[in-house]
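Colleague: here are the coordinates; sequence isn't available:
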């Protein structure tokens, strides 16, 4: 039997980058998903800042199946977490931490990535069973240096960065040890073909950087 939480967590580490998506229509969500998959990025987060998030998650899961890991973002309380899981969300991301959301995700064995700014918040979230610590909103403030701030005292802490990551600095984040990265406009703007082209650039950069790191 495949362990759902462990399998999805590992898949997020493997693909490394995921798109942070806010779309007005289901059709646009599918278009972005297809572009990402063509370019080799197989994960995306659908933000609950828009009321159609559950519909978008369900539609992408139905259309792409195992080709795409679909998560829910901006999940701040347990009701939204449960609705997202019922819609098919495979991981849960938030801009803040919530013990109630953590419990809900653990109950259904869904990886949870709460937004944390301090070491105290991060350690508490690990105690609550978080699969990743989302460095938010400090990714934009500190840049890739924050990876060392967290991982030097706690090298086992799985970090998710979201905000301020692009083709110019992605390799720096990887070299410092971030485990997965959320990316916005680079992986969500333009036509399906443009998204696929950008996703392919991200995929190539991740693969090249990781290969160099393994060779050292």
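Modeller: Arrived safely, thanks for sending. Predicted model only: the values in this text are computed from it and were never measured.
Colleague: Next one: the closest residue in space to residue 131 that isn't next to it in sequence from residue 92, what distance?
Modeller: For residue 131, ignoring the flanking residues on the chain, the nearest one in space by Cβ to Cβ, 6 or more residues apart in numbering is residue 111 at 3.5 Å. All C-beta atoms are positioned from the backbone trio N, CA, C, and that covers glycine. In this structure, residue 111 and residue 92 are 7 Å apart, going by Cβ to Cβ, to the nearest Å.
Colleague: Kindly report the same for residue 23.
Modeller: 18 Å.
Colleague: Enumerate every residue touching the residue nearest to residue 131.
Modeller: For residue 111, the contacting residues are 5, 8, 9, 12, 90, 91, 92, 105, 131, 132, by Cβ atoms under 8 Å, 6 or more residues apart in numbering.
Colleague: quick revisit: counting neighbours, go ahead and name the busier of residue 23 and residue 92.
Modeller: Higher neighbour count among residue 23 and residue 92: residue 92, with 29 against 19, using other Cβ atoms under 10 Å.
Colleague: What are the buried residues along the lowest-mean-pLDDT helix or strand in the chain?
Modeller: Lowest on mean pLDDT, DSSP states H and E among the helices and strands of the chain sits helix 139-142, with a mean of 79. Along helix 139-142, the positions that meet the burial threshold by neighbour count (16 or more other Cβ atoms under 10 Å) are residue 139.
Colleague: contacting residues around it?
Modeller: 135, 146, 149, 161, 162, 163, 164, 165.
Colleague: Check which element follows that helix along the chain.
Modeller: If you walk from helix 139-142 toward the C-terminus, the next helix or strand you reach (DSSP states H and E) is helix 145-151.
Colleague: in that next one, what's buried?
Modeller: Neighbour count says helix 145-151 has 146, 147, 150, 151 buried, by 16+ other Cβ under 10 Å.
Colleague: I'd like to know which elements it is packed against.
Modeller: The elements that helix 145-151 packs onto, with contact taken as 3 or more Cβ pairs under 8 Å, 6 or more residues apart in numbering; DSSP states H and E, are strand 133-135, strand 159-162, helix 170-176.
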